[in-house]
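[1] generate a structure from the sequence data that follows.
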Amino acid sequence: MDKAFLGPIISALGRSFLSKRNRGKSTGKKNIHRMGFLLLAAYGFWVVSLAALVLYLYFYFRFNRFDGICQGILMSCPVAGLLFYVWYRNAYVEITRTYVLRRDLLRRVQKVYFKDVNMFRAYGNREEAGIVLFSDSSAGTGSVLVTSVQANLLYIQAQMVFRMEQERWADADSDDDQGMLRDYMRSGQAWEITMSSGGANFPENDKKASESSSADEGN
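    Numbers count the residues shown, from 1 in each chain. The predicted model follows:
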């Protein structure tokens with residue numbers, strides 16, 4: 001195991017020394033989006049473990065016997081809590097002005113730059129939604145899936161709406177462009193347009209289309 005994987009485990013034991021720094025330009029909120037329910041699950045298992053320990057000691061000192069149920073909880077719940085905490089620390093979605101990155105429990109990464117997106121697909125409803133970004137560029141991993149359970153989708157949706165309406169990609173260094181993205185988010189257009197359209201293709205980034213066109217011209 002390398003330090004990147006051991007860090008969360010050490011943190012869980014109260015010796016956190018690995019700090020994560022947000023990369024890329026800020027979207028106006030935290031770049032790193034983690035799944036909070038995983039942390040709640042970890043704390044839940046640890047609370048149950050603590051309660052089991054208290055009951056275990058109570059039965060031992062009061063009745064001079066060991067309780068099998070408490071023993072089972074003490075053997076399993078602390079480990080389960082640690083695993084959920086490692087999952088919480090290792091799995092996240094990073095959203096910046098230039099790219100979207102998703103990392104899972106096993107630290108496998110999906111990453112796509114907005115300027116390289118040649119197609120996106122949106123699905124779901126207010127309760128749970130998702131968006132998939134596709135890219136033919138070698139700079140990323142080919143596609144990235146983000147759901148509303150993992151992160152706030154609004155900034156990604158705003159980027160797609162900007163491209164559809166302005167017919168160009170938002171400039172990461174332009175205050176005007178970033179202001180328009182925020183307007184799309186605040187007005188609800190980011191959500192409404194992407195979900196109603198279900199997706200869109202951006203031909204300037206479609207390498208397969210350009211290669212096919214070149215081949216036709218050659219013939």
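[2] contacts and neighbour counts: CA atoms only from here.
    Noted.
[3] residues near N152, how many?
    When neighbours are defined as other C-alpha atoms under 10 Å, N152 has 16 of them.
[4] and the residue nearest the centre of the chain, how far is that from L50?
    For the chain, the residue nearest the mean C-alpha position is V93 (2.3 Å; C-alpha atoms, centre = their mean). From V93 across to L50, the span is 32 Å (C-alpha to C-alpha, to the nearest Å).
[5] re the thing from before, give the contact list for the nearest residue to the residue nearest to the centre of the chain once chain neighbours are set aside.
    Nearest residue to V93, sequence neighbours excluded (C-alpha to C-alpha, 6 or more residues apart in numbering): R102, at 4.4 Å. R102 is in contact with 91-94, 109-111, 144-146, counting by C-alpha atoms under 8 Å, 6 or more residues apart in numbering.
[6] of those, grab the buried ones for ChimeraX.
    Selecting the buried subset of these in ChimeraX, with 16 or more other C-alpha atoms under 10 Å as the burial test, is done by:
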select :91,92,93,94,109,110,111,144,145,146
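[7] let me have the contacts of R102 in JSON lines, extended by pLDDT and distance to V117.
    Formatted as JSON lines, these follow (pLDDT from 0 to 100; distance: C-alpha to C-alpha, whole Å):
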{"residue": "A91", "pLDDT": "93", "distance to V117": "23"}
{"residue": "Y92", "pLDDT": "95", "distance to V117": "21"}
{"residue": "V93", "pLDDT": "96", "distance to V117": "17"}
{"residue": "E94", "pLDDT": "96", "distance to V117": "16"}
{"residue": "V109", "pLDDT": "93", "distance to V117": "17"}
{"residue": "Q110", "pLDDT": "94", "distance to V117": "13"}
{"residue": "K111", "pLDDT": "95", "distance to V117": "11"}
{"residue": "V144", "pLDDT": "95", "distance to V117": "10"}
{"residue": "L145", "pLDDT": "95", "distance to V117": "13"}
{"residue": "V146", "pLDDT": "95", "distance to V117": "14"}
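[8] so can I have a markdown table of the contacts of R102 showing distance to S138 and secondary structure?
    Output for the contacts of R102, formatted as a markdown table (distance: C-alpha to C-alpha, whole Å; DSSP: H, G, I helix; E, B strand; the rest coil):
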| residue | distance to S138 | secondary structure |
| --- | --- | --- |
| A91 | 23 | coil |
| Y92 | 22 | strand |
| V93 | 20 | strand |
| E94 | 19 | strand |
| V109 | 14 | strand |
| Q110 | 12 | strand |
| K111 | 11 | strand |
| V144 | 14 | strand |
| L145 | 17 | strand |
| V146 | 20 | strand |
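[9] and of the contacts of R102, the nearest to Q178?
    Comparing those against Q178 with C-alpha to C-alpha places E94 closest, at 17.5 Å.
[10] partner residues bridging that closest one?
    E94 has these beta-bridge partners by DSSP bridges: I32, L101.
[11] from G124, how far out is it?
    21 Å.
[12] where do the helices sit along the protein?
    3-12, 36-63, 68-90, 154-166, 175-187, 189-197, 207-218 (DSSP state H).
[13] so the longest one versus helix 68-90, what angle?
    Using axes from the mean of the first three to the mean of the last three C-alpha atoms, to 10 degrees, the interaxial angle of helix 36-63 with respect to helix 68-90 works out to 160 degrees.
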